[in-house]
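> No letters, just coordinates:
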């Protein structure tokens with residue numbers, strides 16, 4: 001349904017909206033400051049921002065108009081999966097860090113997807129989530 005009062009948010013918002021609307025089974029977004037995570041939240045789908053330089057950005061245009069791992073890029077963008085389930089994210093992440101990608105992009109470290117981590121967390125009934133109230137430099141403030 002169309003709701004003109006809402007927006008999917010973020011630069012990957014179109015991808016999130018298409019997945020939520022079942023127009024696309026899954027997709028890849030780009031993230032610097034929330035462009036995968038915000039649309040995922042707003043659209044009710046799943047998203048994951050991998051660590052910087054973990055996935056290839058080859059073929060994408062960056063804000064500096066250079067390959068994003070060059071020294072001139074202040075904030076390094078990263079590509080990551082969006083999908084309807086955690087299983088979708090796992091499938092896409094496996095594709096993003098595969099031997100094929102390592103052969104195509106020498107700037108990506110050839111670290112294979114670790115199935116043991118998925119199995120370890122799949123069997124847990126409770127996850128421990130840590131958060132930081134203050135880092136001693138910046139004090140958090142309430143949202144408006």
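Right, received. Where do you want to start? The structure presented is a predicted model; accordingly, all values stated were derived computationally and were not measured.

> Which helix runs longest in the protein?
Looking across the chain with DSSP state H, the single longest helix is helix 86-96.

> buried residues in that one?
The neighbour-count check on helix 86-96 (16 or more other Cβ atoms under 10 Å) flags 88-90, 92-93, 96 as buried. For glycine as for every other residue, the C-beta is placed from the backbone atoms N, C-alpha and C.

> so how far is it off the chain centroid?
11 Å (Cα atoms, centre = their mean, to the nearest Å).

> Quick one: work out the angle between whichever strand or helix holds residue 30 and helix 86-96.
Here residue 30 sits within strand 26-31, counting by DSSP states H and E. Using axes from the mean of the first three to the mean of the last three Cα atoms, to 10 degrees, the direction of strand 26-31 lies 70 degrees away from that of helix 86-96.

> helices and strands around strand 26-31, which ones?
Using 3 or more Cβ pairs under 8 Å, 6 or more residues apart in numbering; DSSP states H and E, the elements in contact with strand 26-31 are helix 13-20, strand 78-83, helix 86-96.
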